[in-house]
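Novice: One predicted model, sequence on top.
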Amino acid sequence: MFENVKIVYHQGKQFIPDIKTAKVPGIFRGRPVISTEKVNETELVELCPVDAISVNPVTIDLGKCTFCGECARRFPNKIKFSTDYKISSNIREGLLINEGEDKPVEVNPEMVRNEIHSVFGRSLKLRQVSAGGDNSCEMELNAANNVQFDMSRFGIEFVASPRHADGIVITGPITENMAGPLQICYDAVPEPKIIVLVGTDAISGGIFGNSKAIDRSFLDKYQVDLYIPGNPAHPLTIINGLLDLTRKRKH
Ligand code: SF4
C-alpha cells in the first residue's frame, strides 16, 4: 500500500488538467503561419503531394494537408508550422490558411445547429466508423479517451452501437467497400445526430483523393457538423473541436 502511494506521488497528475492550454512539444506541426514573403509560387505549389497549396493569395487547405512539413522545409521563411493544435472548424472554408494571416482556426457558434447545443451540450455519445482508415486517426481517437486526455470527463464517449449514439465520427477516405456500411451505421443513429470528420483522409480523401476505389457520395447527402484536421488528428485537436462544437455559446 505504502509502495503504491509512493508511486502515485512520484508520478504526479496522470491527466492533463486544462485541455485548452496544454502545451505540446515544439516538433508538433499544428496550424501553419504563412508570411507574405515572395517566393517561387510554382515551385511551392508543385512540391505539395496533395495539392493543398494554392496561390493568389498563397493558401494551405488544412483539409487536404498531410502535415508532411515539406513546404516549410523548402521555404522556411514563407511557411512555418506553429504548435497551435486548435484547428477544427464547422465550416469547410474555415480550414483555409491564407498568407499574412496569423489567426486561430475556430468553430463558428452562429453556424452550429441549435439542437447540438441544447441536446449534446453536456453529453455526447459517438459511434466511430473507420471507412478505409489506416488506423492512425483511430488510434488518436482511442488516445483521446485514455487516462491522460480523458475525454470522457467532459461527457464525450464512444459507444459500440449506433443505436446508442448521438452521431458518427468518420475516419479514412471512405472506400467503396465501406460506403454501404457507413450509410447503414448512419441510418441506425437516432435523430438528432451529428457527423464529424476526423483526419485529412476523411475530410478530402488525402493521398487517396483521386483513387477509383473510394466512394465519397455519402458526404454529398448530409451536412458535416465538424471538420477535425490532422494526419493523424491530435487528441487535443479532437477534444477541443468537439467541445467547441457542443459548448461554444452563440452571441
Ligand atoms: S505540409 Fe501540407 S501543405 Fe506543406 S507540402 Fe506537406 S501536405 Fe503540402
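Specialist: Okay, I see it. Numbers count the residues shown, from 1 in each chain.

Novice: how about the residues of this structure that lie near the ligand?
Specialist: 47-48, 50, 52-53, 60, 65-71 (Cβ under 6 Å from any ligand atom). Glycine gets a C-beta too; all of them are placed from N, C-alpha and C.

Novice: Report all helices and strands that the strand ranked longest in the chain contacts.
Specialist: For the chain, the longest strand by residue count, based on DSSP state E, is strand 124-130. Here strand 124-130 touches helix 136-144, strand 156-158, strand 167-171, helix 176-188, going by 3 or more Cβ pairs under 8 Å, 6 or more residues apart in numbering; DSSP states H and E.

Novice: and residue 118, which of those is closest to it?
Specialist: strand 167-171 (14.5 Å; Cβ to Cβ).

Novice: can you list contacts of the closest one?
Specialist: 120, 124, 126-131, 133, 137-138, 141, 158, 162, 182, 185-186, 189, 193-199, 201-202, 225 (Cβ atoms under 8 Å, 6 or more residues apart in numbering).

Novice: try 7 Å
Specialist: 126-131, 133, 137-138, 141, 182, 185-186, 189, 193-199, 201-202 (Cβ atoms under 7 Å, 6 or more residues apart in numbering).

Novice: In PyMOL, select just the buried ones from these.
Specialist: Buried residues among these (16 or more other Cβ atoms under 10 Å), as a PyMOL selection:
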select buried, resi 126+127+128+129+130+131+133+137+138+141+182+185+186+189+193+194+195+196+197+198+199+201+202
